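Peer 1: Test case, fold it:
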Amino acid sequence: MTASMKVLCGLAVDTRVETPEGPTEVRKLVGKQVPVFTRDATGRTRFRLVREAVVLPTAAVLRVHVENGASFRALPRQGIFLASLECVALQDLQPGQILYPAFFYPAGYHYITDTGEERVSSAGWRVEAVEAAGEAEIVSLRVTPEQCFFVSAGVLLRSA
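Peer 2: Down below sits the predicted model:
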């Protein structure tokens, strides 16, 4: 991401984030301090409180499809972490790029999917597609001190 490029935090209200109680629609976090999964500076997965979850005006969103079969909707400038931990905007994602995962098999590990397909792990989740997904009411949130959180699609996003 270029230094002049500012990513935003903006999720469609129906996008689910990972909490101790399980996947929760981001709209249910507005005005509350709820713990969500995040990644700390050492790479460990932890819980941290959401702060300043606020509703923003309706805006155009993109849908990101991930190889694990999950998808989510967010603003085109929502920051997302590649497996290298580089943060890019959703609008700059390309099919085939590897995203930083919540959980994964080690690179090179052969595994069988729920549908019986054999795959080799890339130690992350591959982007299958990024497409326009209409408009949605948006929620922005802050997770401190990490400034990141996991959505239920199993990938790491940047917070405000």
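Peer 1: Only C-alpha atoms from now on, for both contacts and neighbour counts.
Peer 2: Fine.
Peer 1: distance from the centroid: which residue in this protein tops it?
Peer 2: Computed with C-alpha atoms, centre = their mean, the maximum C-alpha offset from the centroid of the chain is found at residue 116, amounting to 26.1 Å.
Peer 1: quick one: that one and residue 104, what's the gap?
Peer 2: Counting by C-alpha to C-alpha, to the nearest Å, the separation of residue 116 from residue 104 is 18 Å.
Peer 1: Go through the strand ranked longest in the chain and flag the buried ones.
Peer 2: For the chain, the longest strand by residue count, based on DSSP state E, is strand 45-66. Neighbour counts over strand 45-66 (16 or more other C-alpha atoms under 10 Å) mark 47-55, 59-66 as buried.
Peer 1: Would you give the sheet partners of that strand, along with the direction of each?
Peer 2: Sheet pairing of strand 45-66 (DSSP bridges) gives strand 35-39 (antiparallel), strand 71-74 (antiparallel), strand 125-143 (antiparallel).
Peer 1: Reformat these as TSV; add mean neighbour count and mean pLDDT.
Peer 2: Shown next, in TSV, are the strands paired with strand 45-66 (neighbours: other C-alpha atoms under 10 Å; pLDDT from 0 to 100):
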stretch	mean neighbour count	mean pLDDT
strand 35-39	22	95
strand 71-74	26	97
strand 125-143	20	96
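Peer 1: quick one: terminal-to-terminal distance for stretch 111-123?
Peer 2: First-to-last residue span, stretch 111-123, C-alpha to C-alpha: 12 Å.
Peer 1: in that stretch, what's buried?
Peer 2: 121-123.
Peer 1: Could you dump those residues into TSV with pLDDT and distance to residue 100 added?
Peer 2: Shown next, in TSV, are the buried residues of stretch 111-123 (pLDDT from 0 to 100; distance: C-alpha to C-alpha, whole Å):
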residue	pLDDT	distance to residue 100
121	86	13
122	86	10
123	87	8
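Peer 1: any idea which of these is closest to residue 14?
Peer 2: Distance to residue 14, by C-alpha to C-alpha, is smallest for residue 123 among those, at 27.3 Å.
Peer 1: quick one: the closest one from residue 149, how far?
Peer 2: 18 Å.
Peer 1: now swap in residue 63 and tell me
Peer 2: In terms of C-alpha to C-alpha, residue 63 sits 18 Å off from residue 149.
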